[in-house]
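Undergrad: Sequence and computational prediction follow.
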Amino acid sequence: MGFQFPFGLALLLLLPLLGWFYWRRVQQGRGSAHVLYPHLSALTALAESPWRRHLSAGLYGLALALALLALARPQATIPVPDAQAVVIVTIDVSLSMRAQDIQPSRLEAAQREAQNFVRALPDSIKVGLVSFAGYAVLEVEPTTDHGRVIEQIGLLQMARRTAIGDGLLESLKAIPVDQNNKPLGPSTVVLLSDGRSNTGIDPLDVTPFARDMGVVVHTIGLGRRDGSSQADAFGGWGYWMQFDEETLRAIAESTGGQYYAAESAEALRQAYRNLGRVIGWRPQQTEVSGLFGLAAGLVLASSLLVANLRRRVF
């Protein structure tokens, strides 16, 4: 919180002085001026609790303080959509994604939560979609048509092998860049995988390119850390059922991103929710004096209402 005219806060020093005058008046027996017959003021004081007697004055003082704060033109940092931002959703579609340790299956859970993630992003940012198995495919170029991305996520099909490095490289190639190979705006890749790279480029060989471009890569490891329970269902492929946590974590940390281990549908949902709170938004200093002025008006109205309810005719 900051103030455009901080010197206006000096007016708040008048409030203790006004409070002192008010208290003196109360002590002198003039605090119950609303009573039509002064000689009954003592009875009024006895019949009414102290906090009720001073509630109206307290609210009035609070309203005055809020009004003075509004005059100082307070500013707050709030997140606003960044129209220049680009997000690439990158999803592993290798055959191990058919595993059902996450219901109804890893792929279906990943599709559902990725779709919810795209729905929650600000409408003004561009979203692209990349899938990868033994090779990577740019399914949708970065676009503000989020509905198209959501539809294509639901159409993803599985294929053999896992090329995490190719998926990351294809994601970087999809980001619009300038003549210096720098993104035109804040760019992010959200990469989900449930396995280990067994073909194509080494993911850690691609990571420096992302770092040099200034692209943040967030990674999600999907499935159980211990894949032994799935070995029988996949003909002894238990080893390949375990996602490569070390590599995914290294990719994220090297590019300034976050790594999430999603061993359940709820954990996957929470990972995408956490990312949705930071991706596509930028902090902006915004004047909020209007909010303080509105609050001052409401508190003042409350003060007048309380004062009106306290009026008695004896």
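TA: Yep, it's here.
Undergrad: Now do the spatially most central residue of the chain against Val86, distance only.
TA: Geometric centre of the chain, nearest residue: Arg277, 2.4 Å, by Cα atoms, centre = their mean. Arg277 sits at a distance of 18 Å from Val86 (criterion: Cβ to Cβ, to the nearest Å). Placement of C-beta: from N, CA and C, glycine included.
Undergrad: Same check on Gly2?
TA: The span separating Gly2 from Val86 equals 30 Å under the rule Cβ to Cβ.
Undergrad: which of these two has more neighbours?
TA: Taking other Cβ atoms under 10 Å, Gly2 and Val86 do not tie; Val86 has more neighbours (24 against 12).
Undergrad: Hmm, the more buried one is touching Val177, no?
TA: No. Between Val86 and Val177 there is no contact under Cβ atoms under 8 Å: 10.0 Å.
Undergrad: any shared contact partners between these two?
TA: Both Val86 and Val177 are contacted by 183-184, under the criterion Cβ atoms under 8 Å, 6 or more residues apart in numbering.
Undergrad: Wait, Pro176 touches Pro142, no?
TA: Yes. The pair Pro176 and Pro142 qualifies as a contact (Cβ under 8 Å) at a distance of 6.7 Å.
Undergrad: shared neighbours of these two, which are they?
TA: Applying Cβ under 8 Å, 6+ apart, one finds that Pro176 and Pro142 are jointly contacted by Val86.
Undergrad: The two: who's more crowded?
TA: Using other Cβ under 10 Å as the criterion, Pro176 and Pro142 rank with Pro142 on top: 19 against 14.
Undergrad: Give me the distance between that one and Ala76.
TA: For Pro142 relative to Ala76 (Cβ to Cβ), the value is 31 Å.
Undergrad: before we move on, what about Arg160?
TA: 52 Å.
Undergrad: how far away is Gly214 from Pro183?
TA: 6 Å.
Undergrad: With Tyr22 instead?
TA: Counting by Cβ to Cβ, the gap from Tyr22 to Pro183 is 60 Å.
Undergrad: Now do the buried residues in the helix or strand harbouring Leu15.
TA: According to DSSP states H and E, Leu15 maps onto helix 14-27. Of the residues in helix 14-27, those scored as buried under the neighbour-count criterion (16 or more other Cβ atoms under 10 Å) are 22, 26.
Undergrad: cool, stretch 257-270 as well?
TA: Buried residues in stretch 257-270, counting neighbours by 16+ other Cβ under 10 Å, are found at 257-263, 265, 268-269.
Undergrad: Could you pull up the residues touching the nearest residue to Gly134 once chain neighbours are set aside?
TA: Take Gly134 and drop its neighbours on the chain: the residue closest to it by Cβ to Cβ, 6 or more residues apart in numbering is Arg161, 3.4 Å away. Taking Cβ under 8 Å, 6+ apart, we find Arg161 in contact with 94, 133-134, 198-199.
Undergrad: which of these are buried?
TA: Among the contacts of Arg161, the ones that count as buried (16+ other Cβ under 10 Å) are 94, 133-134.
Undergrad: Reformat those as a markdown table; add secondary structure, pLDDT and distance to Leu15.
TA: Below are these laid out as a markdown table (DSSP: H, G, I helix; E, B strand; the rest coil; pLDDT from 0 to 100; distance: Cβ to Cβ, whole Å):
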| residue | secondary structure | pLDDT | distance to Leu15 |
| --- | --- | --- | --- |
| Ser94 | strand | 96 | 67 |
| Ala133 | coil | 97 | 68 |
| Gly134 | coil | 95 | 71 |
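Undergrad: mind checking which helix or strand Arg269 is in?
TA: Arg269 belongs to helix 265-276 when assigned by DSSP H and E.
Undergrad: Show the subsequent helix or strand relative to that helix.
TA: Moving toward the C-terminus from helix 265-276, the next helix or strand (DSSP H and E) is strand 281-287.
Undergrad: can you give me the mean pLDDT across that next one?
TA: Per-residue pLDDT values across strand 281-287 average out to 80.
Undergrad: Buried ones in it, by neighbour count?
TA: Judged by neighbour count using 16+ other Cβ under 10 Å, the buried positions of strand 281-287 are Trp281.
Undergrad: The stretch 151-300 of the chain: helices as residue ranges?
TA: If you assign secondary structure with DSSP state H, counting those that start in this stretch, the helices in the stretch 151-300 of the chain sit at 164-173, 203-213, 245-255, 265-276, 289-310.
Undergrad: and among those helices, the most buried is which?
TA: The highest mean neighbour count among the helices of the stretch 151-300 of the chain, using mean count of other Cβ atoms under 10 Å, belongs to helix 164-173: a mean of 25.
Undergrad: For it, enumerate the helices and strands it packs against.
TA: Of the remaining helices and strands, those touching helix 164-173 by 3 or more Cβ pairs under 8 Å, 6 or more residues apart in numbering; DSSP states H and E are strand 86-92, strand 126-132, strand 136-143, strand 187-193, helix 203-213.
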